[in-house]
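[1] Quick one, what's the 3D model for this:
(2 chains)
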Protein chains: 2
Amino acid sequence: MPLSVPRHAAVIFSGGLDSSTAAYQLAADGTRLTLLSIDYGQQHRTELDHAVTIAAQLEARHHVVDLRSLGALLEGSALTDRNVDVPDGHYAHETMRSTVVPHRNALLLDIAVSVALSEGATAVVFGAHAGDHPIYPDCRPQFLAAFQQMVAVANEGHLPPGFAVFAPFLHLTKADIVRIGAGLGVPFELTWSCYRGGTVHCGTCGTCVERREAFCLAGVADPTEYAAAWAGA
Amino acid sequence: MPLSVPRHAAVIFSGGLDSSTAAYQLAADGTRLTLLSIDYGQQHRTELDHAVTIAAQLEARHHVVDLRSLGALLEGSALTDRNVDVPDGHYAHETMRSTVVPHRNALLLDIAVSVALSEGATAVVFGAHAGDHPIYPDCRPQFLAAFQQMVAVANEGHLPPGFAVFAPFLHLTKADIVRIGAGLGVPFELTWSCYRGGTVHCGTCGTCVERREAFCLAGVADPTEYAAAWAGA
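    Purely as a prediction, here's the structure:
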């Protein structure tokens, strides 16, 4: 975490619950926002439309970076390869391994660092949280530390003073994020989590199960419409 | 450097002298190649055509990743912003600072890591050399070490055994690379260096001066057609 609230931050912004809450929190603190959504050909591309809507509500600068040309080369992940099924189950279970997109977060963060440096922003923010750690190595504190070190060395002499890459929710659970978001008035009904990307949340894929569980544990009413009723986590 | 020759490598391949020599060296050692060129809207986009030609000569798998959507957001670098002039002068001089694209090599390498992991390659190779160090922090040994560390942490449990990111010319000069390339039969006349991207090399921008100097110092005949005669470095 930076020592003070950043003046201007580039935020990896999927249109999901976590990054929307991060953006609302920064906005509440007076940080100028550059929101970055990435179109890598994800099966759940509908999240990009949700990102556009939420960015408009925040009246924030928003770029959708077209990375489909790269996404088309990445085979074997359920999130980019239409020949691989999105699994049902609990988000933190081993069955979710097929949803790992090789090296995704480093790439997304690099894009954010490039844009931040070009626009004079002093921070890059992403919404990784403690629940991401079991399956996704690039959401862990060790990754963030290594990435920060790499950025410092890669841009020696070119970083503005105090430049920071941080994940404000790194040690929080998704239920914590729901509680924070509720306090900030995040329009949860506009956010999108489902990896299947239908017209409503499927309710059974890993991120849907995680989302339902988080609202339940946070004691916050879940405004999401799900295709399947919930049997509980 | 890896301890052994990689079986299959993803190579950042600009169509320039350095990455072409790296690709020819790997091919000579029997490494299977995936060549990656990046279209980030560089003013010298002609290098991409040269990359295609050289890849065909090598009979190598070659992807051109379209990153123009990001390039359009990066202002202030002479390589991507048409409002900034490409400077004349010596490649290693302070005047070349305007040719720094923020955080470029981390981004290119992370793309290569993604593709390498997706295709089952065991190495990522890029052509940084000692002459790049003064101006470009993301070509220095310290950067490569920090990047390697970040990749290991970001992909814990997902890297194939022996996976390596390396820059075979990191401690060599461009003249050394010309000597190596001459020995390998690299078709230097097909490679492209000029940052201005005309129909022939301009002969006066930083990379043209560096290229001319390298052939001269290596004692290898320079087959390049330049628009301007050389007054010497």
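[2] what about the helix or strand encompassing residue A:56, near chain B?
    Here residue A:56 sits within helix A:46-57, counting by DSSP states H and E. No - Helix A:46-57 stays clear of chain B (Cβ under 8 Å from any Cβ of the partner chain), getting no nearer than 12.7 Å. C-beta: built from backbone N, CA, C; applies to glycine.
[3] Can you show me the strands along chain A?
    Per DSSP state E, chain A carries strands over the ranges A:8-12, A:32-39, A:61-66, A:123-125, A:164-166.
[4] Columns mean neighbour count on top of the ones you listed, output as a markdown table?
    Shown next, in a markdown table, are these (neighbours: other Cβ atoms under 10 Å in any protein chain shown):
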| stretch | mean neighbour count |
| --- | --- |
| strand A:8-12 | 25 |
| strand A:32-39 | 23 |
| strand A:61-66 | 18 |
| strand A:123-125 | 27 |
| strand A:164-166 | 19 |
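[5] mind checking which helix or strand of chain A has the lowest mean pLDDT?
    helix A:68-71 (a mean of 91; mean pLDDT, DSSP states H and E).
[6] ok, back up a step: can you pull the buried residues of the helix holding residue A:56?
    A:46, A:47, A:48, A:50, A:51, A:54, A:55 (16 or more other Cβ atoms under 10 Å in any protein chain shown).
[7] Relative to residue A:59, how far out is the nearest residue to the fifth one once chain neighbours are set aside?
    Counting by Cβ to Cβ, 6 or more residues apart in numbering or on different chains, the nearest residue to residue A:51 once its immediate chain neighbours are dropped is residue A:15, at 3.2 Å. Summarising the geometry, the distance separating residue A:15 from residue A:59, computed by Cβ to Cβ, to the nearest Å, is 16 Å.
[8] now residue A:217
    32 Å.
[9] more neighbours, these two?
    It is residue A:217, of residue A:217 and residue A:59, that has more neighbours when counted by other Cβ atoms under 10 Å in any protein chain shown, with 15 against 9.
[10] Now do the same contact list for the more buried one.
    Neighbouring residues of residue A:217 by Cβ atoms under 8 Å, 6 or more residues apart in numbering or on different chains: A:173, A:175, A:178.
[11] of these, closest to residue B:230?
    Residue B:230 has its nearest neighbour among these in residue A:173, at 64.0 Å by Cβ to Cβ.
[12] Neighbours of residue A:229, how many?
    Residue A:229 has 7 neighbouring residues, counting by other Cβ under 10 Å.
[13] Would you mind measuring from it to residue A:210?
    As judged by Cβ to Cβ, residue A:229 and residue A:210 stand 17 Å apart.
[14] Just the CA coordinates for stretch A:183-196, please, in PDB.
    Listed next in PDB are the C-alpha coordinates belonging to stretch A:183-196 (Å, rounded to 0.1, in the frame of the first residue of the first chain):
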ATOM      1  CA  GLY A 183     -20.700   1.100   2.600                       C
ATOM      2  CA  LEU A 184     -19.500   3.000  -0.500                       C
ATOM      3  CA  GLY A 185     -22.700   2.500  -2.400                       C
ATOM      4  CA  VAL A 186     -21.200   0.400  -5.100                       C
ATOM      5  CA  PRO A 187     -24.000  -0.500  -7.600                       C
ATOM      6  CA  PHE A 188     -23.500  -4.300  -7.200                       C
ATOM      7  CA  GLU A 189     -26.400  -5.100  -9.500                       C
ATOM      8  CA  LEU A 190     -24.300  -3.600 -12.300                       C
ATOM      9  CA  THR A 191     -21.200  -5.600 -11.700                       C
ATOM     10  CA  TRP A 192     -20.500  -8.900 -13.400                       C
ATOM     11  CA  SER A 193     -18.700 -12.000 -12.100                       C
ATOM     12  CA  CYS A 194     -19.900 -15.100 -14.000                       C
ATOM     13  CA  TYR A 195     -17.200 -16.800 -16.100                       C
ATOM     14  CA  ARG A 196     -19.900 -18.200 -18.400                       C
END
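[15] Pull out the buried residues from that stretch.
    Applying 16+ other Cβ under 10 Å to stretch A:183-196 flags A:186, A:188, A:190, A:191, A:192, A:193, A:194, A:195, A:196 as buried.
[16] now what about it, what contacts it?
    Under the contact criterion Cβ under 8 Å, 6+ apart, stretch A:183-196 has outside partners A:14-17, A:20-21, A:24-25, A:28, A:43-44, A:46-47, A:50, A:53-54, A:57, A:78-79, A:86, A:99, A:178, A:181-182, A:201-203, A:205-208, A:210-211, A:220, A:222-224.
[17] Sort out which of those are buried, if you could.
    Among those, the ones that count as buried by 16+ other Cβ under 10 Å are A:14-17, A:20-21, A:24-25, A:43-44, A:46-47, A:50, A:54, A:78-79, A:86, A:99, A:178, A:181-182, A:201-203, A:205-208, A:210-211, A:220, A:222, A:224.
[18] The helix ranked longest in chain A near chain B at all?
    Using DSSP state H to define each element, chain A has its longest helix at helix A:104-119. Yes - judged by Cβ under 8 Å from any Cβ, helix A:104-119 and chain B are in contact via A:104, A:105, A:106, A:107, A:110, A:111, A:113, A:114, A:115, A:117, A:118, A:119.
[19] Could I get those in CSV, plus columns for pLDDT and distance to residue A:38?
    Formatted as CSV, these follow (pLDDT from 0 to 100; distance: Cβ to Cβ, whole Å):
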residue, pLDDT, distance to residue A:38
A:104, 87, 9
A:105, 92, 11
A:106, 95, 13
A:107, 94, 8
A:110, 96, 11
A:111, 95, 7
A:113, 96, 13
A:114, 94, 12
A:115, 95, 11
A:117, 93, 17
A:118, 91, 16
A:119, 93, 17
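[20] Residue A:29 is in contact with residue A:7, correct?
    No - Residue A:7 lies out of contact with residue A:29 (Cβ atoms under 8 Å); the separation is 10.4 Å.
[21] So if I had to pick from the two, which one is more boxed in?
    For residue A:7 versus residue A:29, neighbours defined as other Cβ under 10 Å are more numerous around residue A:7 (14 against 11).
[22] who's sitting farthest from the centroid in chain A?
    Taking Cα atoms, centre = their mean, the residue of chain A most remote from its mean C-alpha position is residue A:157, at 29.2 Å.
[23] ok, now how distant is residue A:20 from chain B?
    Taking Cβ to the nearest Cβ, to the nearest Å as the measure, residue A:20 and chain B are separated by 21 Å.
[24] got the contact list for that residue?
    Applying Cβ under 8 Å, 6+ apart, we find residue A:20 in contact with A:13, A:54, A:181, A:186, A:187, A:188, A:190, A:191.
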